[in-house]
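Enquirer: what's the 3D shape of this:
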Amino acid sequence: MFKVKSNHTFLNPSRKQIDQTTQGKKSDYAQQVSGVNQLLDKNGIGISDRSRNSVLDNVVKVERGARSEVNAHQREALNFGRDAFQSAKQGHGKQALVEAFGSGLNAAGSVFKSTYTQTPHEKQGITPW
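Expert: Predicted structure coming up:
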C-alpha cells in the first residue's frame, strides 16, 4: 500500500506508539496501519486518544486472530467518523477532512475485505453454513 521507511522519526507520540505496535506484525491490517500512520505523521495529522487506543487494540487482536480485519476496519470507520465530527465542531477543518476521509476508506475497506477475508471462526473451521 504505502512504502514504510525505517528511518522515519515520528513527531507525534501517539503515532510513534502505533508504529511500535505494528512493528513485526504480519497481518495485512497491521501493514496498512503502519503505512498510513507514517504518511499521516509526515504530514502533521494527529490522532485522538480514542482512535489511537482503538487502532492499537485492533492491531493486537487482528494479529492474534481474535478480531477479523473486516471488523477492525468497521471499528475504525466509526471512530474516525466520530473524530471528524468532533474536529469540525472545534473548527479544525483539515483534521476533520482527513478523519472523514479515513472513515470512508475504512468503511470501503471493510466491504472489500468482507468478500475474501475469513472471520476468526472460519479460520478455526467453523463455517457460517
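Enquirer: Run through the chain and note the low-pLDDT ranges.
Expert: Counting by pLDDT under 70, the low-confidence segments of the chain come to 1-6.
Enquirer: which SS state does F85 fall under?
Expert: Look at F85: counting by DSSP: H, G, I helix; E, B strand; the rest coil, its state is helix.
Enquirer: quick one: the strands in this structure?
Expert: With DSSP state E as the definition, the chain shows no strands.
Enquirer: For this structure, just list every one of the helices.
Expert: 13-22, 28-42, 49-64, 69-89, 93-114, 120-123 (DSSP state H).
Enquirer: Out of the ones you listed, flag the one nearest N7.
Expert: Minimum separation from N7 across these (CB to CB) falls at helix 28-42, 10.8 Å. In short, each C-beta sits where N, CA and C put it, glycine included.
Enquirer: now the angle from the closest one to helix 69-89?
Expert: 20 degrees (axes from the mean of the first three to the mean of the last three CA atoms, to 10 degrees).
Enquirer: for K61, what are its contacts?
Expert: Going by CB atoms under 8 Å, 6 or more residues apart in numbering, K61 touches 67, 72.
Enquirer: related to what we said a few turns ago, can I get the helices of the chain in JSON lines including distance to W129?
Expert: Converted to JSON lines, the helices of the chain look like this (distance: least, CB to CB, whole Å):
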{"stretch": "helix 13-22", "distance to W129": "34"}
{"stretch": "helix 28-42", "distance to W129": "25"}
{"stretch": "helix 49-64", "distance to W129": "24"}
{"stretch": "helix 69-89", "distance to W129": "18"}
{"stretch": "helix 93-114", "distance to W129": "16"}
{"stretch": "helix 120-123", "distance to W129": "10"}
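Enquirer: Surely V60 touches T21?
Expert: Yes. Taking contacts as CB atoms under 8 Å, V60 lies within contact range of T21: 7.0 Å.
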